[in-house]
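Asker: what would the 3D arrangement of this be:
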Amino acid sequence: MGFSLYLAYRYSGNASKLTGWTLAYLLIAVLWNPIAPVFLDRGSWFVLDLVAAGIFWYAWHDSARSPASAPKNEPNAD
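Answerer: Residues are numbered from 1 along each chain as shown. Model prediction:
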């Protein structure tokens, strides 16, 4: 749940705008929260698990190609 909330904040930019990805991560946080569990049948959870795995895979893939994760080329102090 915490990681999903972090991703929701990250994809919202500055927490003042809601995007589709932000809403998807918030939905994941609500569905998998430990405080107020959501009860669904096994088939529904299977599909939701696959969808959530795809969404988290996208976040991992997106972070791997974002400029923030690229090594910074800083000039030498020599």
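Asker: lowest-confidence helix or strand of the chain?
Answerer: Here the helix or strand of the chain ranked lowest by mean pLDDT, DSSP states H and E is helix 2-11, holding a mean of 71.
Asker: so how far is it off the chain centroid?
Answerer: 5 Å (Cα atoms, centre = their mean, to the nearest Å).
Asker: now the helix or strand following it: buried residues?
Answerer: Per DSSP states H and E, the first helix or strand lying C-terminal to helix 2-11 is helix 20-31. Residues of helix 20-31 classed as buried by neighbour count (16 or more other Cβ atoms under 10 Å): 21-22, 24-29. Glycine gets a C-beta too; all of them are placed from N, C-alpha and C.
Asker: run the angle between helix 20-31 and helix 2-11 for me.
Answerer: 160 degrees (axes from the mean of the first three to the mean of the last three Cα atoms, to 10 degrees).
Asker: could you dump helix 20-31 to PDB, C-alpha only?
Answerer: Taking C-alpha atoms only, helix 20-31 is exported to PDB below (Å, rounded to 0.1, in the frame of the first residue of the first chain):
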ATOM      1  CA  GLY A  20      -4.800   8.500 -14.900                       C
ATOM      2  CA  TRP A  21      -1.700   6.800 -13.400                       C
ATOM      3  CA  THR A  22      -2.200   8.600 -10.100                       C
ATOM      4  CA  LEU A  23      -5.800   7.400  -9.900                       C
ATOM      5  CA  ALA A  24      -4.700   3.800 -10.800                       C
ATOM      6  CA  TYR A  25      -2.100   3.800  -7.900                       C
ATOM      7  CA  LEU A  26      -4.700   5.200  -5.500                       C
ATOM      8  CA  LEU A  27      -7.100   2.500  -6.500                       C
ATOM      9  CA  ILE A  28      -4.400  -0.100  -5.900                       C
ATOM     10  CA  ALA A  29      -3.800   1.300  -2.500                       C
ATOM     11  CA  VAL A  30      -7.500   1.200  -1.600                       C
ATOM     12  CA  LEU A  31      -7.900  -2.400  -2.900                       C
END
